[in-house]
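Undergrad: Can you look at this prediction? I've put the sequence above it.
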Amino acid sequence: MEEFILGSEVMRAIMKLAHEVAKYDVSVLLVGESGTGKEMLAKIIHLESPRAENPFVPVNCGILSGLMFEDKLFGHEKGSFTGAISTEMGCFEMADKGTLFLDEVSELPLENQVDFLRVLEDFRFLRIGGNKLIEADVRIISATNKDLKELAAKGLFRQDLFYRLHVVPVYIPPLRDRKAVIPRMVNHFLGRLAAQHKRPLPSVTPEVIDVFCRYDWPGNVRELKNLVERILIVNDQNVIGTEQLPSDFLWHFREPARSMALELEEVRRAAETKAILDVLYRLRGDKERAARMLHISPRTLRYKLKRYNIKVDRNGEAVSQDVPGNLDERLSRWSSPQ
Ligand SMILES: Nc1ncnc2c1ncn2[C@@H]1O[C@H](COP(=O)(O)OP(=O)(O)O)[C@@H](O)[C@H]1O
Ligand SMILES: [Mg+2]
């Protein structure tokens, strides 16, 4: 399994706790934003537990509800509903003697929570359409990016189920609260991904690390890993500098007020240039009449011609001018982070 990078006291404490709880069959609730490493930690707990040789079965609680959810978790007997052409095991049975990982457990449909809690009490259940109680020896690890306690307080999650899952809560902080680990993570992912994609291993300039440390990473470690992978694939330099960072990433560092002003200016310039060129072309270069048609004074027209660097020949045709350029490109150009 891939190395789990710690890099801070908080993360070392979390790992220590994970080692401890791995030995016992207690329910663990991993709490943290998406991409903070909850699933990876769940696997580590499983692999360090006496159940390591048996399956680790992840199930996303958010995607199914009602009967579909029951089917996914408890399976069905052949012929129990249209389309049930054979008997199928659910995740619970598949995880027998192993670990069931309930991902996004806050999304577990309320209607399914009662039955689910009952199964968690004695680990016995029926497949859909079945009449034989099936027993499964399962260790539960769940994960959430929401505050389950608050949901329970609001009646959006069953209180009793919350207490059943919440025996040992482990809170994993977002990456922005442990930025000191970023340089190590970048090197770790570069090394691993370069090997995986059979690419030469590039180095990274301190400026890039600096930029990475200024960013807040709403997608946490997953976002960092994906960005490193993307840069590695697209780039063929052996040193990665800020020039190699994708423009949509650098876009996060633009100064909003300045960019909006710039954008308005660009739009105005492009529109006015086009209108002036059109009129001058139609009036064969007659600037007096062009000004009148545009409802501006000849002086203003002269000023705009100069400012926008618009030149026309004797017939009023555009000669050459500073093309305003692709607006998106200009806006997304690197401006050093404030
Ligand atoms: N501490 C870490 N060290 C190495 N890789 C990590 C770490 N935390 C997360 N990752 C990687 O980031 C990605 C997202 O992690 P994951 O466990 O799926 O997060 P979550 O379940 O919280 O959304 C995975 O590719 C995982 O390997
Ligand atoms: Mg996840």
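TA: Alright, I've got the coordinates. Ligands and ions are numbered 1, 2, ... in the order given.
Undergrad: Stretch 2-9 and ligand 1 in contact?
TA: Yes - under the criterion of Cβ under 6 Å from any ligand atom, ligand 1 is reached by stretch 2-9 at 2, 4-5. (C-beta placed from N, C-alpha, C; glycine too.)
Undergrad: Could you check how far D286 is from V279?
TA: Relative to V279, D286 is positioned 9 Å away (Cβ to Cβ, to the nearest Å).
Undergrad: The two: which is more packed in?
TA: More crowded of D286 and V279, by other Cβ atoms under 10 Å: V279, with 19 against 14.
Undergrad: Distance-wise, check that one relative to G155.
TA: For V279, the distance to G155 - Cβ to Cβ - is 66 Å.
Undergrad: Show the model's pLDDT score for the spatially closest residue to F74 that is not a sequence neighbour.
TA: Nearest residue to F74, sequence neighbours excluded (Cβ to Cβ, 6 or more residues apart in numbering): G90, at 4.2 Å. For G90, the pLDDT comes out at 95.
Undergrad: For ChimeraX, what selects the buried ones among the residues of stretch 2-9 next to ligand 1?
TA: Here is the ChimeraX command that selects the buried residues among these (16 or more other Cβ atoms under 10 Å):
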select :5
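Undergrad: Of the residues of stretch 2-9 next to ligand 1, just say which sits nearest to H19.
TA: Nearest to H19 among those: F4, at 11.6 Å, using Cβ to Cβ.
Undergrad: so what's that closest one up against?
TA: 15, 37, 40-41, 44 (Cβ atoms under 8 Å, 6 or more residues apart in numbering).
Undergrad: ok, now with 7 Å
TA: Residues in contact with F4, defined by Cβ atoms under 7 Å, 6 or more residues apart in numbering, are 37, 40, 44.
Undergrad: rewinding a little: could you report the neighbour count for the residue nearest to F74?
TA: Neighbours of G90 using other Cβ under 10 Å come to 22.
Undergrad: next one: the one 4 residues further on
TA: The criterion is other Cβ under 10 Å. On that basis, M94 has 17 neighbouring residues.
Undergrad: any idea how far G32 is from it?
TA: For M94, the distance to G32 - Cβ to Cβ - is 26 Å.
Undergrad: same check, this time on N315
TA: N315 is 68 Å from G32, by Cβ to Cβ.
Undergrad: okay, these two: which has more neighbours?
TA: Counted by other Cβ under 10 Å, N315 and G32 do not tie: G32 has more neighbours, with 20 against 9.
Undergrad: that older thread, for the contacts of F4, give me a markdown table that also has pLDDT, distance to ligand 1 and secondary structure.
TA: Below are those laid out as a markdown table (pLDDT from 0 to 100; distance: Cβ to the nearest ligand atom, whole Å; DSSP: H, G, I helix; E, B strand; the rest coil):
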| residue | pLDDT | distance to ligand 1 | secondary structure |
| --- | --- | --- | --- |
| G37 | 98 | 3 | coil |
| M40 | 98 | 4 | helix |
| I44 | 97 | 10 | helix |
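Undergrad: Would you show me how to pick out the buried ones of these in PyMOL?
TA: Buried subset of the contacts of F4, written as a PyMOL selection, criterion 16+ other Cβ under 10 Å:
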select buried, resi 37+44
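Undergrad: Looking at the contacts of F4, which one is closest to A270?
TA: Nearest member of the contacts of F4 to A270, counting by Cβ to Cβ, is G37, at 46.4 Å.
Undergrad: Can you tell me the element H188 falls in?
TA: helix 182-196 (DSSP states H and E).
Undergrad: which residues touch the helix or strand that I209 is a member of?
TA: Using DSSP H and E, the element containing I209 is helix 206-214. For helix 206-214, the external contacting residues (Cβ under 7 Å, 6+ apart) are 179, 182-183, 186, 240-242, 245, 337.
Undergrad: Go through the helix or strand where K304 lies and flag the buried ones.
TA: Secondary structure assigned from DSSP H and E places K304 in helix 298-307. Buried residues in helix 298-307, defined by neighbour count with 16+ other Cβ under 10 Å: 301, 304-305.
Undergrad: Any idea how many residues pack against the closest residue to ligand 1 within the stretch 51-200 of the chain?
TA: The minimum distance from the stretch 51-200 of the chain to ligand 1, using Cβ to the nearest ligand atom, falls at A143 (5.9 Å). A143: 27 surrounding residues under other Cβ under 10 Å.
Undergrad: just checking, it is part of a helix?
TA: No - going by DSSP: H, G, I helix; E, B strand; the rest coil, the assignment for A143 is strand, not a helix.
Undergrad: in the protein, which ranges drop under the pLDDT threshold?
TA: 256-259, 320-338 (pLDDT under 70).
Undergrad: any idea how it splits into domains?
TA: 9-173, 176-253, 257-332 (automatic domain parsing).
Undergrad: residues from the stretch 1-150 of the chain in reach of ligand 1?
TA: Residues of the stretch 1-150 of the chain lying near ligand 1 (Cβ under 6 Å from any ligand atom): 2, 4-5, 32, 34-40, 143.
Undergrad: Pick the most buried one from the domains of the chain.
TA: domain 9-173 (a mean of 17; mean count of other Cβ atoms under 10 Å).
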